[in-house]
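Q: Sequence plus the predicted model coming up.
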Amino acid sequence: MREATDGNGADVILKMVGGDFPQKSLRCLNTLGCMVIFGGTSGDRGSLVPAELMKKNHSVVGFYLPNTMHRTIQSQRSASASRETTGKVVPNPPKEAAG
């Protein structure tokens, strides 16, 4: 990785496997790089040490597609129901107002 990036490392790593992923992947990141974790097929959760992230200002982001898809489907259903009853789309109220 370092050779392919002139010694800098990757700016972003998209990671979909578990195991010892954090340590190996973080070593490949450039300063201020970000690792996006969107799967864990091995079932192993791995571990991260916050102090290791801070040394090079790395960030780690988790992404779980089923949650995103569920929210999108719910929004589409709301918009469709709104259109059927009023003829126009009515935005969803904030959660605190809907309660």
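A: Thanks, I have it.
Q: Low-confidence regions, this structure specifically.
A: 17-21, 39-46, 67, 70, 79, 81-99 (pLDDT under 70).
Q: Which parts of it are helices?
A: 21-27, 50-55, 65-86, 95-98 (DSSP state H).
Q: what's in contact with the second one?
A: Right, helix 50-55. By Cβ atoms under 8 Å, 6 or more residues apart in numbering, the residues outside helix 50-55 that reach it are 26, 58-60. Just so you know, the C-beta spots here come from the backbone N, C-alpha and C atoms, and that holds for glycine as well.
Q: hmm, try it at 7 Å
A: 26, 60 (Cβ atoms under 7 Å, 6 or more residues apart in numbering).
Q: Can you list the buried residues in it?
A: The neighbour-count check on helix 50-55 (16 or more other Cβ atoms under 10 Å) flags Leu53 as buried.
Q: neighbours of Gly9, just the number please.
A: 19 (other Cβ atoms under 10 Å).
Q: Once you drop chain neighbours, what's closest to it?
A: In space, and not counting its chain neighbours, Gly9 is closest to Asn30: 3.8 Å by Cβ to Cβ, 6 or more residues apart in numbering.
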